[in-house]
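**Student:** task: produce atomic coordinates for the following.
(chains A and B)
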2 protein chains.
Amino acid sequence: MTDTTAAPRRLLGQSAKRVDGDRKVLGVERFTGDLKVPGMLYARPVPSPYPHAQIVNVDKSAALAAPGVVAVVTADDLAVRRPLSALPGKSPLSFGEVSYVGQWVAVVLAETDQQARDALDLVDVTYEELPFVANFAAGMVDGAPPARLIAGSISAEEAAAHNADAGKPKAKVEEARSVNISNSVNFERGDVATAFANSAATAEILIRSDAVHQGYMEPQICLVAIDALGKYDVYTSTQAAFMSRGRIADWLDIPLTDINVHTMAVGGAFGGKFILIEPIAAALAATVQRPILLEFGRTDELASSNPAPACEIAVKVGATADGTLTAIEGNLTYDTGSLAGSPLGIAAILLGGYYKFPNLKITGQEVLTNRASAGSYRAPGAQQASFAIESAMDDLADKLGLDPLEFRLKNCAEEGDLRPNGGTWSRIGLRESLEALRAHPAWVDRTPTTAIAVGGWPGGTEPATAICRMDQDGTLSVVVGSSDISGVTTGFQMIAAEVIGVDREDMRVVNADTATAGFAASSGGSKVTYAMGSAVLKAAENARAQILAIAAQQLEASAEDLEIANGRVQVRGVPDASITLKEIASLSTSAATAFEPVYGSGSTSTTESAPAFTVHLADVSVDEETGEVTIKRYVAVQDVGFAINPALIEDQMIGGVAQGIGWALHEAIEFDDDGQLITGTLLDYVLPRAEHIPEIETVIVEVASKYGPFGAKGVGEPPAIPGPAAIRNAIKRASGAKLSSLPMRPERVLAALRER
Amino acid sequence: MTDTTAAPRRLLGQSAKRVDGDRKVLGVERFTGDLKVPGMLYARPVPSPYPHAQIVNVDKSAALAAPGVVAVVTADDLAVRRPLSALPGKSPLSFGEVSYVGQWVAVVLAETDQQARDALDLVDVTYEELPFVANFAAGMVDGAPPARLIAGSISAEEAAAHNADAGKPKAKVEEARSVNISNSVNFERGDVATAFANSAATAEILIRSDAVHQGYMEPQICLVAIDALGKYDVYTSTQAAFMSRGRIADWLDIPLTDINVHTMAVGGAFGGKFILIEPIAAALAATVQRPILLEFGRTDELASSNPAPACEIAVKVGATADGTLTAIEGNLTYDTGSLAGSPLGIAAILLGGYYKFPNLKITGQEVLTNRASAGSYRAPGAQQASFAIESAMDDLADKLGLDPLEFRLKNCAEEGDLRPNGGTWSRIGLRESLEALRAHPAWVDRTPTTAIAVGGWPGGTEPATAICRMDQDGTLSVVVGSSDISGVTTGFQMIAAEVIGVDREDMRVVNADTATAGFAASSGGSKVTYAMGSAVLKAAENARAQILAIAAQQLEASAEDLEIANGRVQVRGVPDASITLKEIASLSTSAATAFEPVYGSGSTSTTESAPAFTVHLADVSVDEETGEVTIKRYVAVQDVGFAINPALIEDQMIGGVAQGIGWALHEAIEFDDDGQLITGTLLDYVLPRAEHIPEIETVIVEVASKYGPFGAKGVGEPPAIPGPAAIRNAIKRASGAKLSSLPMRPERVLAALRER
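**Tutor:** Sure thing, here's the model as predicted:
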């Protein structure tokens, strides 16, 4: 095993451009929407106008008579052999009962996209309206109508893909207070009541967050073509090619090997593109035996994709006069939409997990409502939990008259500390991150309006296989089955080039399809570099050993005495004794050779994730007339284990902060009293614009992980977590207004100012 | 390493259906010609009407004005950055000098295939005719004009792909007697003149063979599409995906990794589809930046593909009265067409290699002529050499009054015997094959008209990498980069299924592309099963070990105590202690698992080939009125090392015999005195029809090879070798007519009858 700690590295730790950067900047990247297949039909969904209804009849005749329309497909028409009710996972297509506005009643298939869109209004659907649940509060009251008549939940596989805690022993399920409570948690240790009674001060807050969309540029899109042999080629903008393949196989009841999922360039995902439309697209292709391009419009995205759910969290924390935490009590309610599977569990763990609480009681429940079912958005559950705990911690520090950073440092969780679910933290860098911020000029020279907040993410793990192969011309490639999101492929290139001893440009990375790549779990949950990166490291080491073995024979030297540099293998100290990589390639791929081709593979697996922490600093001004909040300074400090490519990590941090700012101040998926979606376009759903994002200062902290390549940890989730809390705390320091609901738009700021 | 000798095997050695059989029989196999790509242009070549000429001018105007024509491309227009003269390998497209009738002057690109064909005649070419060389005899005379003004030869890589002797030390090159002699051989040992003087009898013959086409059903075809990123996707009916990739890279001067060659289903190849049109198709795509489908018509095939060359071989053999061979003297002349690279060397080795000749002198030369350059056809060089030596041996047995089978048995080469080039035979099964035929009813009960002939093939070797992977549902796949010809894929399936312990149907085989598969040399030279099969064996063993390691942990047992059966890993003798393969797959591909994905790889290489011998028996009747020959009985005995799939080996043997019959009695590429091709269609080029092929009896002999999987040897080449000689000897026994020229059509038989 390569020594993953020794420094200095030739390539690692130095900023490098993304391998996909030029392609994307120049506009030559080929996204799924750029693909054309002969005979391809365009699919567009007919959305339900009702939040809850039975479909009584679908009259297709007018639509079928429209130009170019080939079929109008309902669930009943789908060529799936299993009963619809047995199909796993969520389906935007209704199976008879629509359970949110925008759920699909049918799909129109036409020769052109415009023809499909034009025919949507011609599908005449008769509904029988059902009582609906507008939000989680309504869903929990006695006598509330059920939000859905048929049970369902997202798959355990999907839940587990995001963090290593999913699938761990569940909390005791409380007796349901409502037909709509689909999951609950209950974590408890010590005696919270006594602890609060003995505390010098307590602080409590009830936070709320609306549902939020990931805001990716490229909507959900999937192309499925059935080849002449009846096999399915699936081209999709997904984070999870192998999971998509499995779900399609489940739906169609065919072998995995009849499906090949090609990981396409992903135009943004952030947790929202694990799987959604792939099984339907495949089933549509199976039904009409034509290639299908199924694409979301922006309204489909906002109505029926994978939103971060609305929630409400009540939390109370107490401490002694010297600032030692005594207890936490919390209750979380998640609006899981029309399908069980919200991030309730992980939110509960994080709510009580950042600090050493001797006494703890955290309960929670998720509630079915007539909204699109909850999805995952970059740190699912963590933003809301952090907003709650970091607001309460900040208020408690104020009450105790303590420095909010020192207060957090005094109590922050460390390796071995208990988490609410009984698990312990492994080696984490929360303390180091707080210390790094403490030393930062923005904190040293802080203003009275400077505030901070912590964010943490437990991290995921995944089994992974990577390949490192040499081609006949001596070039080397890493082959992985993972999707390239946020530059992970560039990291793979750097790891393999470092290990082999070649330039970065001389190491190609192939994001292959599920038929030819080794297994890869999903690209999400801050685990791709952590897990697949280790597989790439092993594969490269394997390939290097094969290269050196050939060179050793040819140079009549011991492999240990060899080094690879400048495209050659050479004997250390004997510069004339060398052989080029190209010669080794030729030697090992010629007819009648004694040498085997160079083909390295590496597989990894670990049950231990690498949790990652971040601390954000925000300084804001508040316009007391308009309620508008202006961010004056923003610093993000993050423990990344080891910074393989600092530039891309900073990109990740900056992007995450921008998303946090959007969530904090702008974004919300909103509904009116009739359950109708108000924010159906980007005119109504307010994404932050460039003018809203300040210059963001980044600080990288490196507390090495045990299993990540060279000590690296996943870096995707954390930067999107503490923004709302940091900004809320800064608003408080700037104006005295104590906000508790996201987004903190001007009208809410004005209301809070009035309540001061 | 799996014990490759122990019997019995669960699957191996038992006949099984081809994995591709149903697809091909049902007509759902997707060949290259079935592919459509948006924007695809159809390419058709403008053939030269002259055997030798300079192209003075190409007037494209009329063609360009024709409907649908997009471009008329000559070599000068090609987007290749290297000088045309530096492009390696053969090119059907002329670079200014046309050197055979049918060579391409230009290529018409049009929106439809018909439009391209219609415009061919509109391309107005001005030629300056040059003196031409009609055949090798004309090419060798003093003062013969040069057949080509620019030098060139086929690549050494291509030559080496067929047999392990290519690339070995060359014979001393004699002083050229003509400008057209492009290669020569000279093998000598002992004193031939004295040996003949001391012989009881000698026999000599001068055989001739016309050029012959492989006769595959699917003509050369290649589709090249450049993707949005400028990378080349090449879909081609080739035996050599990696070699094609390399040649395209050479032509276009781009990295290998910018090219992905997809191995398509091959509609027959027989050595003729290593590489021919792929670089031109890619260069055309590069030139016009549109996808190109380049397809041969049958006339293109017969005029400018990869024909087995015409040749003339003089051979004289001598023996003592007891039938001990004394000496051989031979001279071979190969018509290499317009490019050096005929199978002269291997023919010379085989001519003197089947038997123990104490004294030997074999010389030979290849001659450039104005014909399409020589290609490889299933046992290149071996048919003609065998026709010569096996005719002479048979005549010598007759002269000595010896049983022709016993005469061969007495003198047949064995392990360690010298070959003409100084190499030695490894363990071969010639003796065992002769003995098997001696025991066969067709020999035991032989008629006076029964005759035999021997054929041998040195075999090739190749480095190869295979993968054996488990998918999430527990299914297993073998992934190889080799083309599937003649059922080799079915053999891989059987090998991997045998090793792992699953049913054949539960082992998928993926013929992958060059981007994702491990390296594979070409599928030809009777070496795919021998070399890639061993890699598959190793990959499957690797995967099996990974499976057992997971099961051992789960079952708390030692891996040595485990067996795989019925889709489960179980402890031997403890039927209840078991785990399904599906469970192992799930365990090793779930999030947060302790187990790594199952991904086995195996690479192999050996410099030692596995030569394979065959003996054919033919019994014929000759119609003395018409000269027509009717085959009454035909037996093929072949040493295959180990018969992995007996049914497919028998298929191979029968198919080879049919091709031998075609060569013996029907087929010839013929030219008139002006150098014009006479046999430009299948009406003129006479392939054997079903009525010409008798029931063929097959006998499999198994003399295990050292390196092949389970002792297997390549079986493709041998059965196509001895047919012409066996039939010629049978005609002699049936009628007394001693033929010496192929094909032995009725007019030649009548002539020989007259000469009796």
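**Student:** longest helix of chain A?
**Tutor:** The longest helix of chain A (DSSP state H) is helix A:533-555.
**Student:** centroid-nearest residue for chain A?
**Tutor:** A:Gly271 (3.0 Å; Cα atoms, centre = their mean).
**Student:** find the nearest non-adjacent residue to whatever residue of the stretch 451-600 of chain A ends up closest to chain B, please.
**Tutor:** Nearest residue of the stretch 451-600 of chain A to chain B, counting by Cβ to the nearest Cβ: A:Thr516, 3.3 Å away. The way it works is simple: take the backbone N, C-alpha and C, and place the C-beta from them, glycine included. Nearest residue to A:Thr516, sequence neighbours excluded (Cβ to Cβ, 6 or more residues apart in numbering or on different chains): B:Thr516, at 3.3 Å.
**Student:** just checking, that neighbour touches A:Asn511?
**Tutor:** No - using Cβ atoms under 8 Å, B:Thr516 is not in contact with A:Asn511; the gap is 10.5 Å.
**Student:** between these two, what contacts are shared?
**Tutor:** A:Ala517 (Cβ atoms under 8 Å, 6 or more residues apart in numbering or on different chains).
**Student:** list the buried ones in the longest helix of chain A?
**Tutor:** By neighbour count on 16 or more other Cβ atoms under 10 Å in any protein chain shown, the buried set for helix A:533-555 is A:533-544, A:546-552, A:554-555.
**Student:** same deal with stretch A:457-476?
**Tutor:** A:457-476.
**Student:** ok, now stretch A:15-26?
**Tutor:** Across stretch A:15-26, burial judged by 16+ other Cβ under 10 Å covers A:16, A:18-20, A:23.
**Student:** and it, C-alpha only, in CSV?
**Tutor:** What follows is stretch A:15-26 as a C-alpha-only set of coordinates in CSV (Å, rounded to 0.1, in the frame of the first residue of the first chain):
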residue,chain,number,x,y,z
SER,A,15,-4.5,22.9,-7.6
ALA,A,16,-5.3,21.5,-11.0
LYS,A,17,-7.9,22.3,-13.6
ARG,A,18,-10.9,20.0,-14.0
VAL,A,19,-10.5,17.4,-16.8
ASP,A,20,-14.0,18.3,-17.9
GLY,A,21,-13.5,22.0,-17.6
ASP,A,22,-12.6,22.9,-21.1
ARG,A,23,-15.4,20.7,-22.6
LYS,A,24,-18.0,22.4,-20.5
VAL,A,25,-16.6,25.9,-20.9
LEU,A,26,-16.3,25.5,-24.7
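**Student:** is it in proximity to chain B?
**Tutor:** Yes - against chain B, stretch A:15-26 shows contacts by Cβ under 8 Å from any Cβ of the partner chain at A:Arg23.
**Student:** domains for chain A, by residue range?
**Tutor:** Under the assignment automatic domain parsing, the domains of chain A span A:21-28+A:462-604, A:32-132+A:215-304, A:170-212+A:307-411.
**Student:** now the ones you listed as TSV including mean pLDDT?
**Tutor:** Shown next, in TSV, are these (pLDDT from 0 to 100):
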stretch	mean pLDDT
domain A:21-28+A:462-604	92
domain A:32-132+A:215-304	93
domain A:170-212+A:307-411	94
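**Student:** so can I have TSV of these showing distance to B:Glu498?
**Tutor:** Shown next, in TSV, are the domains of chain A (distance: least, Cβ to Cβ, whole Å):
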stretch	distance to B:Glu498
domain A:21-28+A:462-604	22
domain A:32-132+A:215-304	19
domain A:170-212+A:307-411	44
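**Student:** and the residue nearest to A:Thr516, backbone torsions?
**Tutor:** Here is the backbone geometry of B:Thr516 (degrees, to the nearest 10): phi -120, psi -20.
**Student:** distance of it from A:Ser477?
**Tutor:** Counting by Cβ to Cβ, to the nearest Å, the gap from B:Thr516 to A:Ser477 is 9 Å.
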